[in-house]
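S.K.: Sequence first, predicted coordinates after that:
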Amino acid sequence: MENEITAAFDKSDDITFRDFLTVIFIGSIGAAAGNSKALNNLLDQVHEDASLRNPKTLLGKLLHHNGDIIDAVSRGGKIFAPYLHRLYGGHDILSFLHGDNPFVLLCGQYGIPKGIIQAVRHLTADTFSKNGAVLPGSSFLDRKKEDGTIVNLLDEWAREMCRGKNFNVQVVYQQLFSIRMQDIGATFVSDMLLKIYEKSVAVSGKRHFSDTAKSQLRIIMFFAEAVMTAGLGAIISGGIPKVNIPAVSALIFETGHLFYLNHADVKAAKKRGDELEARLNKLE
């Protein structure tokens, strides 16, 4: 009975100092990849090729989007810089109020299901570009000025950060408000490296990480990657931190997952404890 009571409440999820250093190191690899200029330029070439009338590479052909109507859409007749054309129309998958949802527009251009496939191709290709894809829901940050023109708060915030500083507004927007394949890939690689580490520890026979311990390791890694990406980005760009949106999103999700796991553990332990107490009362 004593052993069963101990087993019900004793759940070892200890993370060693070696585990901590390992996941920090893995996070630093993701941060380095997310800030690599060479990788940024290489991925941008994929988007440039996919934007041509006749792409030259296989990936360019798979993501071909030359002539898509969403690249000619804007809201409120605003004249904007080319790097902002996605923010001001046709690229927000959650835009249902402005009549410029990319799936709706491309289905109107190509029909169903080709329009849906083309929307996925186009939006994926945009993540390869230096400016990246827009944040879902960004269209809800539109506001109308006194002269009737439409401005977006992300654009306004980027310009506000440049006021009085020697910052390039396009770089600010890229660093803070865009979703890029470079960040998606860096976060994916970090997660894969962590899984390899967990497997190697298990194969060595030393110990097996519980689901709770794995979640804790991911939180540490994603947090480290997000912080180091921001810091390294600020050093490279001269003061503008880089936000790895996929890593931050993964961190938020994993924090919620850990909360769920902890709640489930407490609930299971309480249930087991009640069962043992009932058995003990019956024995008495």
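M.R.: Done, it's in. Residues are numbered from 1 along each chain as shown.

S.K.: where's N168 relative to L43, distance?
M.R.: Distance of N168 to L43, given as Cβ to Cβ, to the nearest Å: 20 Å. To be clear about C-beta, it is placed using only N, CA and C from the backbone, and glycine gets the same treatment.

S.K.: Which of these two has more residues huddled nearby?
M.R.: Shown here are N168 and L43; by other Cβ atoms under 10 Å, L43 has more neighbours (21 against 14).

S.K.: so how far is M228 from the more buried one?
M.R.: 20 Å.

S.K.: any idea which helix or strand carries the residue nearest the centre of the chain?
M.R.: In the chain, the centroid-proximal residue (Cα atoms, centre = their mean) is P246; its distance is 1.3 Å. Assigned by DSSP states H and E, P246 falls within helix 245-283.

S.K.: so what's the residue nearest to the centre of the chain up against?
M.R.: Neighbouring residues of P246 by Cβ atoms under 8 Å, 6 or more residues apart in numbering: I179, D183, I184, A186, T187.

S.K.: Who's the closest spatial neighbour of the third one, skipping the chain neighbours?
M.R.: So the one you mean is I184. Of all residues not flanking I184 in the chain, P246 sits nearest, at 4.9 Å (Cβ to Cβ, 6 or more residues apart in numbering).

S.K.: Could you tell me the model confidence score at that neighbour?
M.R.: pLDDT for P246: 96.

S.K.: just the one 10 residues further on next, same as before
M.R.: Predicted confidence (pLDDT) for G256: 96.

S.K.: Please report how far it lies from M228.
M.R.: G256 sits 23 Å away from M228, going by Cβ to Cβ.

S.K.: Distance check, the nearest residue to S95 once chain neighbours are set aside against V243.
M.R.: Excluding the flanking residues, the one nearest S95 by Cβ to Cβ, 6+ apart is S139, at 4.0 Å. Using Cβ to Cβ, S139 is found at 19 Å from V243.

S.K.: So between the two, which is more surrounded?
M.R.: Neighbour tally, S139 and V243, criterion other Cβ under 10 Å: the higher count belongs to S139, 25 against 19.

S.K.: Which residue ranges of the stretch 101-250 of the chain form strands?
M.R.: Here the stretch 101-250 of the chain has its strands, by DSSP state E, counting those that start in this stretch, at 133-134, 142-144, 150-152, 178-179.

S.K.: give me phi/psi at N131?
M.R.: phi -80, psi -20 (degrees, to the nearest 10).

S.K.: Contacts only, for it.
M.R.: By Cβ under 8 Å, 6+ apart, the neighbours of N131 are Y83, R86, Q170, Y173, Q174, S178.

S.K.: and Q182, how far is that from S36?
M.R.: Counting by Cβ to Cβ - Q182 and S36 are separated by 7 Å.

S.K.: who has more neighbours, those two?
M.R.: Under the neighbour definition other Cβ under 10 Å, Q182 and S36 were set side by side, and Q182 has more, 24 against 16.

S.K.: my guess is that one contacts A33, does it?
M.R.: Yes - with contacts counted by Cβ atoms under 8 Å, Q182 reaches A33, the gap being 7.3 Å.

S.K.: intersection of neighbour lists for those two?
M.R.: L39.

S.K.: where does this structure have low pLDDT?
M.R.: 1-13, 76-79 (pLDDT under 70).

S.K.: could you pull out the helices for it?
M.R.: Secondary structure of the chain (DSSP state H): helices located at 2-9, 17-34, 37-50, 58-62, 102-110, 114-128, 153-162, 169-177, 181-203, 211-237, 245-283.

S.K.: which stretch among the ones you listed comes nearest D68?
M.R.: helix 114-128 (5.3 Å; Cβ to Cβ).

S.K.: what comes into contact with the closest one?
M.R.: Applying Cβ under 8 Å, 6+ apart, the contact partners of helix 114-128 are 43-44, 46-47, 50-51, 62-65, 68, 70, 86, 91, 93, 102-103, 105-110, 132-133, 179-181, 184.
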